[in-house]
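With the input below, show me the fold.
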Amino acid sequence: MFLYNVTLIIDDAAAEEWLQWMQDVHIPEVMATGMFISNRLLKVIDSPNEGVTYCAQYVAETLDHYNKYQEVFAPALQAELNERYKNRFVAYRTLMEFVG
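Purely as a prediction, here's the structure:
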């Protein structure tokens, strides 16, 4: 299984609205793709960065599911995030494999 992690640092002024949007809209849309079997949203409490840092994590059963998500679904979902919160966040994405 694979863990797709999106770490996002959002401006303080937009953090509350972004969090609500993630919980009500974005995460349900990602899960509706059928490419992930579970998800979680975490807030980083010891971040050295300005703004508020969150990690959205999604578990894919196979690498094929993750790759399909990236090819078919991610561009539109990421574009929506970029449009709504332009210049108010930075994000980086990592893919990890469960080993134990």
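
partner residues bridging the residue lying closest to L95 once chain neighbours are set aside?
In space, and not counting its chain neighbours, L95 is closest to Y4: 5.6 Å by Cβ to Cβ, 6 or more residues apart in numbering. From N, CA and C alone the C-beta is placed, and that goes for glycine too. Note on Y4: beta-bridge partners by DSSP bridges are Y58, L95.

Report the contact partners of Y4.
36, 57-60, 66, 69, 93-95 (Cβ atoms under 8 Å, 6 or more residues apart in numbering).

Generate the ChimeraX command that creates a selection of the buried members of these.
Applying 16 or more other Cβ atoms under 10 Å to those, the buried members can be selected in ChimeraX as follows:
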select :36,57,58,59,60,66,69
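
any weak-confidence spans in the chain?
Filtered on pLDDT under 70, the chain yields no residues whatsoever.

Okay, helices next: where are they in it?
Assigned by DSSP state H, the helices in the chain fall at 12-21, 27-32, 63-68, 74-84.

and of those helices, who's closest to P48?
Comparing the helices of the chain against P48 with Cβ to Cβ, the closest turns out to be helix 12-21 (14.9 Å).

got the buried residues for the closest one?
Buried residues in helix 12-21, defined by neighbour count with 16+ other Cβ under 10 Å: 14-15, 18, 21.

any chance of those in a markdown table, plus distance to P48?
Output for these, formatted as a markdown table (distance: Cβ to Cβ, whole Å):
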| residue | distance to P48 |
| --- | --- |
| A14 | 20 |
| A15 | 17 |
| W18 | 20 |
| W21 | 25 |
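
State the pair within the residues you listed that is farthest apart.
Between all members of the buried residues of helix 12-21, the farthest pair (by Cβ to Cβ) comes out as A15 and W21, at 10.7 Å.

that older thread, for V44, find the nearest of the helices of the chain.
Per Cβ to Cβ, nearest to V44 of these: helix 12-21, 11.9 Å.
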